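Visitor: have a look; sequence and predicted model below, questions after that.
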Amino acid sequence: MRRPGFYEFFCGGGMARAGLGEGWDCLFANDVDAKKARAYADNWDAEALQVGDIHKVGAADLPGRADLAWASFPCQDLSLAGPGAGLDGARSGAFWGFRALMETLAREGRGPRVIALENVVGALTSNRGGDFVAICRALQGLGCRFGALTIDAAHFLPQSRPRLFFVAVHREMRIAPELIATGPSASFASATLLRAQASLPRDVAADWLWWALDAPPLRNVDLSDLIERAPADARWHSEDETNALVAILSKGSRAKLDRARTKVGRQIGAVYRRMRPNDQGGRSMRAEVRFDGVAGCLRTPRGGSSRQFLLIIEDGALRSRLITAREAARLMGLAEEYKLPARYNDAYHLAGDGVVVPIVRFLAANLLEPLLMRQASITLAAAE
C-alpha cells in the first residue's frame, strides 16, 4: 500500500513534516519566509519546496492529489496579544489564499481528502467569534465536514502552548464510527471552544464533528531535562543583569523565586518580560517567572520582551541567561540532529513560529492515518 501524500503550507522549518514522519510523502511545501525556507532545505529534500506568497501559488504548482493538506497559517492577527485584525489582517489573511487554492483543486477533482489547520486559540474569539465561523464556513464550502480540538503542548513537552487544530474531511470519505464522538473530549475541548462551537449558525453546525481521541499519555519530561548546565552557545548574564531582571519581577513572581530558593537541588524558572500598567497610569516593564517545570509559550523574537529567559538556582547561587536556540528547538519536539539557522534570532523565530512536532505525530497516529487507512481500504475493495 502506498504511503499517504501531503501538501505542507506555511511550512516554516518543516515541523509538520517532522511530526508526520517517514510514513508520509511530501508532495509540495510552501512558505513566504526565505530564512525559514533555508532551514527547511537544510533538513529535508527541498525538491518539493516553493518559496513565495501563498496568493501566488497556483493549482498547477501542486502535483497530483494529496491525501492531506496541512496549513499552520500565520497567527499574528488572531493572537490575543496581536493587533486584532483577525482574518482581515495582512498576515492571518493568508488563510484566504490557502482557501482559494483548495477551492481550485476541488473544482479540478483534486481536493485533498483531509485538511488540517493549526493556529492560536485566539482564533476562537477574534472578531467576536466571527473568524471562527468564517473558518468553519470556508471548510464547509470546500465540501468538508469538520471539527476542532484545543491541544496544549504541555501534554507532550514542558512548554505551555495551547493551540487550535481543525481537522476536516471531504464528504466523499466514509469515517470509521470509532473516530467520531457523541460530544466533546474533556482533554481536547476548552471552555472557549465549547462556547464557540455552540455559537455556530445552525447551517454550519450541521457539518460539525467531535473527533474521538484518547487522552495522551502523561508527560514524562520536565523543563530541567531539556536545559543544559553549561551550553556552549549561551551568554550568562552578569550579576548586575541578573539583579536587574529580579528587580522587575512582579510581586507574585518574587514570591515564587523566594520559595524556589528554599528547595534542594537545581531549580529552573522560565521568565518573560512584559509591559504592564503601573501606578502612575503608564506602562512599565515587568517580569513573570514560573518554577513548575514548564516553560512559557515560545514566541517570535520581535523585541526583547518576547524572548524567554531562565533563572537558575544551583548551590545557593542565582544566575540568568536567555534560553538557547537548541533548548527552544527541544521545547518544540525537534530532534537533536535538526539543523538550526546559525543566527540566534532566526533559530528562535523558527521555533516560536512552528507547530509542536509530537502533537502532529499524535494527531497523525490517532486521527489522520486512521481516517486515510479506512479510505484506502474502501478504495482497494472497490477496485477489486
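Guide: Received, thanks.

Visitor: out of the helices and strands in the protein, which is least certain?
Guide: helix 369-383 (a mean of 62; mean pLDDT, DSSP states H and E).

Visitor: and stretch 242-249, how far out from the chain middle?
Guide: Offset of stretch 242-249 from its chain centre (Cα atoms, centre = their mean, to the nearest Å): 31 Å.

Visitor: contacts for it?
Guide: 237, 254, 257, 271, 273, 284-289, 309, 311, 318-320 (Cβ atoms under 8 Å, 6 or more residues apart in numbering). All C-beta atoms are positioned from the backbone trio N, CA, C, and that covers glycine.

Visitor: do that again at 6 Å, thanks
Guide: Identification of contacts with stretch 242-249 by Cβ atoms under 6 Å, 6 or more residues apart in numbering yields 285-287, 320.

Visitor: pull up the distance across stretch 254-271, start to finish.
Guide: Stretch 254-271 has an end-to-end distance of 11 Å (Cα to Cα, to the nearest Å).

Visitor: any stretches of this protein with poor pLDDT?
Guide: Residue ranges of the chain with pLDDT under 70: 1, 77, 79-85, 90-91, 301-305, 374-384.

Visitor: how does it look with 80?
Guide: 1, 76-93, 275-276, 278-282, 300-306, 374-384 (pLDDT under 80).

Visitor: just the helices in it please.
Guide: Counting by DSSP state H, the segments of the chain that form helices are 15-20, 34-43, 94-107, 130-141, 191-198, 202-205, 223-226, 239-247, 251-261, 325-331, 344-352, 357-363, 369-383.

Visitor: so which of those helices comes closest to residue 86?
Guide: Closest to residue 86 of those, according to Cβ to Cβ: helix 130-141, at 4.5 Å.

Visitor: chain center to that closest one: distance?
Guide: On Cα atoms, centre = their mean, the centre of helix 130-141 falls 20 Å from the chain's centre.

Visitor: could you list the domains of the chain?
Guide: The chain resolves into domains spanning 5-216+357-383, 223-351 when parsed by automatic domain parsing.

Visitor: tell me, how many residues neighbour residue 333?
Guide: The number of residues packed near residue 333 is 22, by other Cβ atoms under 10 Å.

Visitor: need the helices of the chain in JSON lines (columns: distance to residue 118 and mean neighbour count).
Guide: As requested, these are exported to JSON lines (distance: least, Cβ to Cβ, whole Å; neighbours: other Cβ atoms under 10 Å):
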{"stretch": "helix 15-20", "distance to residue 118": "8", "mean neighbour count": "25"}
{"stretch": "helix 34-43", "distance to residue 118": "15", "mean neighbour count": "19"}
{"stretch": "helix 94-107", "distance to residue 118": "11", "mean neighbour count": "19"}
{"stretch": "helix 130-141", "distance to residue 118": "12", "mean neighbour count": "20"}
{"stretch": "helix 191-198", "distance to residue 118": "14", "mean neighbour count": "15"}
{"stretch": "helix 202-205", "distance to residue 118": "20", "mean neighbour count": "12"}
{"stretch": "helix 223-226", "distance to residue 118": "22", "mean neighbour count": "17"}
{"stretch": "helix 239-247", "distance to residue 118": "33", "mean neighbour count": "14"}
{"stretch": "helix 251-261", "distance to residue 118": "30", "mean neighbour count": "14"}
{"stretch": "helix 325-331", "distance to residue 118": "17", "mean neighbour count": "24"}
{"stretch": "helix 344-352", "distance to residue 118": "14", "mean neighbour count": "23"}
{"stretch": "helix 357-363", "distance to residue 118": "8", "mean neighbour count": "22"}
{"stretch": "helix 369-383", "distance to residue 118": "17", "mean neighbour count": "14"}
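
Visitor: which stretch among those comes nearest residue 9?
Guide: Closest among the helices of the chain, using Cβ to Cβ: helix 94-107, at 5.5 Å.

Visitor: and the angle for the closest one with helix 130-141?
Guide: Counting by axes from the mean of the first three to the mean of the last three Cα atoms, to 10 degrees, helix 94-107 lies at 10 degrees to helix 130-141.

Visitor: from the chain's centre, how far out does helix 94-107 sit?
Guide: Helix 94-107 sits 21 Å away from the centroid of its parent chain (Cα atoms, centre = their mean).

Visitor: name the helices or strands packed onto it?
Guide: Using 3 or more Cβ pairs under 6 Å, 6 or more residues apart in numbering; DSSP states H and E as the contact test, no helix or strand touches helix 94-107.
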